[in-house]
Structures are given as structure tokens and as C-alpha cells.
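In: Okay, predicted coordinates and the sequence, questions at the end:
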Amino acid sequence: MEILEIAEVLKSDEQLLSQLYSYCQVLFPDFAEEFHHLSLEEQRHACLIDQIINDMKKHPESWEKGNVSLETVRLINKNLRDNLEEIKNGQVSPRFAITFAASTELTLSERDFNHAFKTADDAFSRSLRAIAEGFSSHYQKIKQLEKQILGISSGFDTLSRV
């Protein structure tokens, strides 16, 4: 069932973002607490998606696919996996980790994932909105951290410093 696959990939995205933020704790020890908090939030989002997956399995008639394609979420997930591996292996500059995190959160925010699934269940609708709002708030937090850590305020500044 395609809707379940989309949910599984989105859950994986949250888990990968959690790993990225955990790794940022090592890369930026002065900001470890902030990255730890972000990592925990991503873990909570993955748990919410897991609850949604369980409900989809129990009550498939209550769920419909929204405006997100499986192809899109798979591409985002592959990008996350590939870049996380490069970051972990030290193949890229530490500053790439934070700019990549900001870029990923912005991409997920722009994809409007609170509309990835349709359900009449208010509790699950609130969970989907909370996850979507998390992308936006995480993006803002990462941009603040980027400015503090790297002394920059936009992605274009990042490109000139690489």
C-alpha cells in the first residue's frame, strides 16, 4: 500500500534527522545541548509517525494519500542518507552539516507534509500539523545556530566561505 510506504519513508526521514543532530553534537560541542534537543524532537516525530502507521494498518479506510508522492519522499530520504554518510565519514566540512540540516528542514517544510495524509481523526490531524510545524521551527533554530556557529546568516554566505 503506497500510503504506508510514504509513512515509513517519512518516519525514516525523522530518524535520519535525529542522527544528523546527534552527530552535530560531536561536531559542535559548544552547542551540543541545542542539537540534543533537536535530535529528541525528531525522535518524537518518528514515534508520532509510527502511531500513524499503526493506525493506517488497523484502519486503512480512515486514511487517504495526500499531496505527497512516494517518489519525492524517497528522493529526499536518499539525499538524507547519502549526505549523512558523508558527514559521518568526514568527507565534507563540518559547516556542511549545519547548512545541510537547514536545507533539509526547509525542503521538508516546503513540502507541506501535514497534507501528506488525509484523515478525519482530529488527534492524528493534530499530530501531522505538529510534525509539519516542527520542520519550520527546526529550520528557524538551525538558521540561528548557523549564524552563531559559522557567523553567517544566509545560504549564499555559506557558498562564499566554502
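Out: Nice, thanks for sending it over.

In: So which residues of the protein form strands?
Out: 63-65, 117-119 (DSSP state E).

In: among those, which is nearest residue 26?
Out: strand 117-119 (34.4 Å; CB to CB). C-beta here means a position set from N, CA and C on the backbone, and glycine is covered the same way.

In: quick one: strands adjacent to the closest one?
Out: If you go by DSSP bridges, strand 117-119 pairs up with strand 63-65 (antiparallel).

In: list the buried ones in the strand it pairs with?
Out: 63, 65 (16 or more other CB atoms under 10 Å).

In: which residues sit against that strand?
Out: 2, 3, 6, 55, 56, 116, 117, 118, 119 (CB atoms under 8 Å, 6 or more residues apart in numbering).

In: Kindly report the same for stretch 21-35.
Out: For stretch 21-35, using CB under 8 Å, 6+ apart, the contacting residues are 36, 38-39, 42, 84, 87-88, 94, 97-98, 101, 141, 145, 148-149.

In: so how far is the first residue of that stretch from its last?
Out: 5 Å (CA to CA, to the nearest Å).

In: buried ones in it?
Out: Applying 16+ other CB under 10 Å to stretch 21-35 flags 21, 22, 23, 24, 25, 27, 28, 31, 34, 35 as buried.

In: Filter these down to just the ones in helices.
Out: 21, 22, 23, 24, 25, 27, 34, 35 (DSSP state H).

In: Adding pLDDT and distance to residue 46, write the residues you listed out as TSV.
Out: Compiled in TSV, those are given as follows (pLDDT from 0 to 100; distance: CB to CB, whole Å):
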residue	pLDDT	distance to residue 46
21	96	12
22	96	13
23	95	16
24	95	17
25	96	18
27	95	22
34	96	19
35	96	17
